[in-house]
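Enquirer: This is a predicted model, with the sequence first.
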Amino acid sequence: MTKPDYLLYAPWPSPDSLLSRLEQSLGLTQTIINALIPGQEKVPELPGLNPPYWEFGHLNWFHEFWVHRHGKPSNPSFLEQADALFNSSVMAHADRWRADLPTLDVLTDYALDVMGRTTTLLQSGSMSEEQAYFVQLALFHQEMHNEAFAYMWQFLGYPWPVKPGPDLPCGRKTAQQSGYIDFSHTRLQLGSAPHTGFMFDNEKWRHEILVPPFSIASHAVSNAEYLEFLQLGCSATEARAALQPAYWRHVGDQWFEKFFDQWLEIDLDAPVRHISAHKAARYCLWRGLRLPTEHELSVLLASSGVAWTHSKLWEWTSSSFLPFEGFSPDPYHDYSAPWFDGKHRVLKGWSAFTAADLRRAQYRNFYLPSRQDFFCGFRTCFT
C-alpha cells in the first residue's frame, strides 16, 4: 500500500527533541497570555486580530484534534464544546468576539491536559510515524501563532513580555546600502523533497527550474532609503502619509517608529519594516527597480559564498501564492489550498519572531499584498 505524502517527511525528530520543543513553545504562549492585564484580552474586531483567549483555546484545540483525536470530529474533545468554539475552519472570524469562551483557568487546564497526554505519548516508546507527523504539525502551528501574537501585540501597542527580546536587525553602514549581487542563469531546486524532514504541502515537491539572469540587492531597503522616497518621491502630504510604513510617526523634524508599547526614534540604517507589498512596489517604481520573484529570492536564500545580509524580516516577492505542479493537500486541508486564489503573495525568509525550526529556505509564507501589520520588509531587484 502506498504511503500518504505526509509519511514521507522523515527523518523524524526524537521524542525527547519533540517534547522539549513543545514545552518551550507552550511556555512561550503561556508567558504571552499570562502577561495580559485585565481588560487587555478585549481587542477590537479587526481582520488581522483574534481575541487572545480565543487564540489560546484554538491552539490547544488544534493540538488535541490532530494528535489525540486523529483529525476526526467523531472522536470527542477533552473540553466540552471545543469544536464549536475553536475550529477556525468552521467558526466565522466575527463570531470569535461573540463566543461564550471558557475562563482562562479552564483554558489553561485544557492546555496542560492536552500537553500531558502528548508527553505520555512521546515517553511511551511506541510513537508511530503518523503520530510523529501530527505532533510536528501541532508544534509548528503553535510556533506560527506565537509569531502572530507578536504582530498582534505590536498593532495593539501592548508590551512584549518575552525576555530577552527578539534579535532585531541592527543598522548598517551607508556604504553597504547600494550593493547588488549578479546571478547568471541559475538552476534552482525549488520546493522540498521526500525524506528531507517536515514540510508543508505547498512545498511539494522539489523540482528544478532555470532562473534567468538577474541582480538583487545584498541588503533590504533601509529606513533612510525609504524616507528619501517619502520626501522626494511623493508630491503631496496626503500621498506621503498613505505611503508611510504602518507604525511611523512624524513629530517636528524627527521620525519615530512604534515598537510594541514604545515610540523610538527611527534607526535610519535598519531595514524598513511593516510595509505592504503595494507600498514596496511604489518604492521600486520610483527607483526604477522591482520586487524579486519567489524564484529569485529563493536563489539568494540558497546561495553560499555570496555576501548578503538577512533582514530578519519576511520579505515580499512579486509572485502569487500558487501550488507547484502536482500539488495535493495534506490532512490539514485548509493550510494552503484555500489561499491559492491568485490574491495572496509569497514571502520568503523569516522574521526575528519566527521560531528557529521554521527558518528554512524552502518555507513559503503568504499574505495579502495589502497587509503590513506583521514583521515584513523587502529588497530590490532588476534584470
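Expert: That came through fine.

Enquirer: This structure: strands as residue ranges?
Expert: 180-183, 186-190, 207-211, 214-217, 248-251, 254-259, 262-265, 314-320, 345-349, 365-367, 376-377, 381-382 (DSSP state E).

Enquirer: could those go into CSV alongside mean pLDDT and distance to Phe229?
Expert: (C-beta placed from N, C-alpha, C; glycine too.) Output for the strands of the chain, formatted as CSV (pLDDT from 0 to 100; distance: least, Cβ to Cβ, whole Å):
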stretch, mean pLDDT, distance to Phe229
strand 180-183, 97, 18
strand 186-190, 97, 30
strand 207-211, 98, 28
strand 214-217, 98, 14
strand 248-251, 96, 12
strand 254-259, 97, 13
strand 262-265, 97, 19
strand 314-320, 99, 15
strand 345-349, 99, 20
strand 365-367, 99, 22
strand 376-377, 99, 14
strand 381-382, 98, 16
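
Enquirer: out of the ones you listed, deepest packed?
Expert: strand 376-377 (a mean of 28; mean count of other Cβ atoms under 10 Å).

Enquirer: re earlier: dump the strands of the chain into JSON lines; add distance to Glu45 as well.
Expert: Formatted as JSON lines, the strands of the chain follow (distance: least, Cβ to Cβ, whole Å):
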{"stretch": "strand 180-183", "distance to Glu45": "44"}
{"stretch": "strand 186-190", "distance to Glu45": "39"}
{"stretch": "strand 207-211", "distance to Glu45": "42"}
{"stretch": "strand 214-217", "distance to Glu45": "39"}
{"stretch": "strand 248-251", "distance to Glu45": "25"}
{"stretch": "strand 254-259", "distance to Glu45": "21"}
{"stretch": "strand 262-265", "distance to Glu45": "26"}
{"stretch": "strand 314-320", "distance to Glu45": "25"}
{"stretch": "strand 345-349", "distance to Glu45": "25"}
{"stretch": "strand 365-367", "distance to Glu45": "20"}
{"stretch": "strand 376-377", "distance to Glu45": "23"}
{"stretch": "strand 381-382", "distance to Glu45": "38"}
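
Enquirer: For Ala281, find the nearest of those strands.
Expert: Nearest of those to Ala281, taken as Cβ to Cβ: strand 314-320 at 7.6 Å.

Enquirer: Mean pLDDT per helix and strand in this structure: which one sits at the bottom?
Expert: Lowest by mean pLDDT, DSSP states H and E among the helices and strands of the chain is helix 237-243, with a mean of 85.
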